[in-house]
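Engineer: Got a predicted model here, sequence first, then my questions.
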2 protein chains.
Amino acid sequence: MRTPVLDLNLLQTFLAVADTGTVTAAAERLSYTQSTVSMQLHRLEAMLGVTLHEKEGRGIRFTPEGERLLGHARRLLTLNNEALNDMKARQVAGSLTLGIPEDYAFLLTPALAYFHQMYPAMQLKVICGASTDLVQQVQASELDLAVVTRQTHSPGGEMIRRDPLVWAVGAHQQPSLVDPLPLALYSPGADVFREVAEHALGAAGRHWRLAYSSQSMTGLMPVVVAGLAVVLITRDMLNPQLRALDEKSGLPALPSVEIALHRAPGRPSEPARQLAELIRQHVGSEKQ
Amino acid sequence: MRTPVLDLNLLQTFLAVADTGTVTAAAERLSYTQSTVSMQLHRLEAMLGVTLHEKEGRGIRFTPEGERLLGHARRLLTLNNEALNDMKARQVAGSLTLGIPEDYAFLLTPALAYFHQMYPAMQLKVICGASTDLVQQVQASELDLAVVTRQTHSPGGEMIRRDPLVWAVGAHQQPSLVDPLPLALYSPGADVFREVAEHALGAAGRHWRLAYSSQSMTGLMPVVVAGLAVVLITRDMLNPQLRALDEKSGLPALPSVEIALHRAPGRPSEPARQLAELIRQHVGSEKQ
DNA sequence: CGCATATATCACAAACTGTGATGGGATCAT
DNA sequence: ATGATCCCATCACAGTTTGTGATATATGCG
């Protein structure tokens, strides 16, 4: 059984008429002749068996039925555009390169999944490296995008996320807050954490010593859990074996790490723009 | 600027092919020839610049792009059908007559509003009357629909709502639960409340006298608020001046009033069917 | 191998669609 | 009023599109 269907072309001119207010202007906008638009309106009415518009001085006026159809037409054309965009996007091939510090790579998962849905033919390379290197590479257009911890000496990019920092110790340990403070440093990218620690403790006039340092959190855990050192991490990295210290511990308050998104100079490709948008949405702080 | 648009006809045959699995069967279903459906598929592919299907032994197989388009096609055609149904419904003229006890008429507001949205050309008459009369009228097809309190002696219809009954007294009065109990009766429709009261008190072996009776709640309020009588109402009718009595008062527990929807015998018109559905949704108890 | 079943392709007739020209109604300026 | 102007409706026609029937081609099955 064949179901009657609307002609999206007719709906499009119908909307153009609604937007412009006159048949002539709609014809202009759509590169049709005036007579064509007039006939299209009448064809639409014939198809629906309804009067949609009437002459009204200059221009036309919609009947209640016409007004009603407006909503349907808009919804249909929106859906149509989504469908076409999607089908076209899936055809886009090429490659994108994205830089990110290894420690933050896990944040990409949802954004990458969505991106692959949208652009299954795009090849995506993820390069892990230190923030300072990544910033240079993206500025040299060796990367399309880079997600980095914002450095004092490499500003720019778009801030998309703040990760509050905390002092942490083993969950069941009394912190050994001796002087100098034994510090374990988890050093993702280019040692932002170290910088932060130096600055915060320095400002508080507190002595400290580097008790342990590692590129991987795993390597640091034993020392911290055993209570041999205090570690500086983002709040999200807390796990059941760790416990955050509040201000009562006497340690200085900590700023947040800022995660920024850098784009290669020049106009980005559409997929690059989309990927940036997805990263902003899914990597960015929950709000919005 | 003219935006490219999909041809819903092509999408419809595309879906038919997806449903049936073969071009030939789809052609059959749509009353096209096989060659037409084949060409339509190819036209769709040309329009999108994508291969949607491939021959696969008997029948065809969709490419990933084809599978992807399926969802879009379904959404678009669903929206198309909604639009057409809506535009057609607005054309339907005629009249419907609906019966309801006056006291429940206020319940109709949302259902009637929605109905008028859907069928602005339909003339709707609301007849208020006693439940027993309404049931007779709807059975005689003098009414299309009737919303009534279910009577022991007029069963049938479809139960759409239960209103729990309560004993109530003035908010600031100690109930005067003397014997015989002074009862105020609000008598909507055909005295279901009175029946209920008689039955409940009779079963509890409790004497009572009719202290006051009125068709309107307003008329009853002074007597009850002043503490001269206990009144029997639905829980929804409680207001700040009234207070419900719980079982500790010694008065017998009460059943619920059942509201039923009756339809005229024979096949209902489409608008009647819709109105019944709306009433079921908006008058019926909140659940669902 | 050949039959049965499906899809693809082709040429053509019918239907549809956009164009330019023309007519008519309403508004505005003089 | 009157003419100028603006805008919509209608018409005939040319160009295009669409569906059909016939035919060619591919695939599985006995």
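Structural biologist: Thanks, I have the structure now. Every value quoted in this text rests on a predicted model; they were computed, and no experiment measured them. Numbers count the residues shown, from 1 in each chain, chains lettered A, B, ... in the order given.

Engineer: low pLDDT regions in the stretch 151-288 of chain A?
Structural biologist: The model of the stretch 151-288 of chain A has pLDDT under 70 over residues A:151-154, A:175-176, A:187-191, A:285-288.

Engineer: Strands along that one, start to end?
Structural biologist: Per DSSP state E, counting those that start in this stretch, the stretch 151-288 of chain A carries strands over the ranges A:158-170, A:181-186, A:208-214, A:230-234, A:242-244, A:256-263.

Engineer: Contacts for stretch A:43-61 next, please.
Structural biologist: A:4, A:6-7, A:10-11, A:14, A:17, A:21-23, A:41, A:62-63, A:65-66, A:69, B:84, B:87-88, B:90-91 (C-beta atoms under 8 Å, 6 or more residues apart in numbering or on different chains). Quick note: C-beta positions are derived from backbone N, CA and C, even for glycine.

Engineer: what's the burial count for A:Glu67?
Structural biologist: 12 (other C-beta atoms under 10 Å in any protein chain shown).

Engineer: Sticking with it, tell me its helix or strand.
Structural biologist: Following DSSP states H and E, the helix or strand that holds A:Glu67 is helix A:64-89.

Engineer: Check the offset of that helix from the chain's centre.
Structural biologist: How far helix A:64-89 lies from its chain's middle: 26 Å, per C-alpha atoms, centre = their mean, to the nearest Å.

Engineer: same check, this time on stretch A:228-243
Structural biologist: How far stretch A:228-243 lies from its chain's middle: 27 Å, per C-alpha atoms, centre = their mean.

Engineer: before we move on, could you check phi and psi at the closest residue to DNA strand C within the stretch 101-250 of chain A?
Structural biologist: Proximity of the stretch 101-250 of chain A to DNA strand C (C-beta to the nearest atom of the strand) peaks at A:Ala121, 22.6 Å away. Backbone torsions of A:Ala121, given as degrees, to the nearest 10, read phi -90, psi -10.

Engineer: hang on, isn't A:Tyr119 packed against A:Gln274?
Structural biologist: Yes: between A:Tyr119 and A:Gln274 a contact is recorded at 7.4 Å, counting by C-beta atoms under 8 Å.

Engineer: any common contacting residues for the two?
Structural biologist: A:Ala89.

Engineer: So whichever residue of the stretch 51-200 of chain A sits closest to DNA strand C: helix, strand or coil?
Structural biologist: Residue nearest to DNA strand C within the stretch 51-200 of chain A (C-beta to the nearest atom of the strand): A:Gly57, separated by 3.5 Å. Under DSSP: H, G, I helix; E, B strand; the rest coil, A:Gly57 falls in the coil class.

Engineer: what's the burial count for it?
Structural biologist: 6.

Engineer: Grab the nearest non-local neighbour of the residue of the stretch 101-250 of chain A closest to DNA strand C.
Structural biologist: Distance criterion C-beta to C-beta, 6 or more residues apart in numbering or on different chains; nearest residue to A:Ala121, sequence neighbours excluded, is A:Ala93 at 4.3 Å.

Engineer: give the contact list for that neighbour.
Structural biologist: A:Ala93 makes contacts with A:121-123, as judged by C-beta under 8 Å, 6+ apart.

Engineer: Give me the buried entries from those residues.
Structural biologist: A:Met122 (16 or more other C-beta atoms under 10 Å in any protein chain shown).

Engineer: could you dump the contacts of A:Ala93 to JSON lines with pLDDT and distance to A:Gln137?
Structural biologist: Output for these, formatted as JSON lines (pLDDT from 0 to 100; distance: C-beta to C-beta, whole Å):
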{"residue": "A:Ala121", "pLDDT": "91", "distance to A:Gln137": "25"}
{"residue": "A:Met122", "pLDDT": "93", "distance to A:Gln137": "19"}
{"residue": "A:Gln123", "pLDDT": "93", "distance to A:Gln137": "18"}
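
Engineer: Out of the contacts of A:Ala93, flag the one nearest to B:Ala226.
Structural biologist: The closest of the contacts of A:Ala93 to B:Ala226 turns out to be A:Met122 (C-beta to C-beta; 79.6 Å).

Engineer: Name whatever forms a beta bridge with the closest one.
Structural biologist: For A:Met122, the beta-bridge partners under DSSP bridges are A:Gly94.

Engineer: measure it to A:Arg273 for me?
Structural biologist: Distance of A:Met122 to A:Arg273, computed by C-beta to C-beta, to the nearest Å: 13 Å.

Engineer: next one: A:Leu242
Structural biologist: 39 Å.

Engineer: For those two, indicate the residue with more neighbours.
Structural biologist: A:Leu242 (19 against 13).

Engineer: hmm, back to that, among the contacts of stretch A:43-61, which ones are buried?
Structural biologist: A:6-7, A:10-11, A:14, A:17, A:23, A:41, A:62, A:65-66, A:69, B:84, B:87, B:90.
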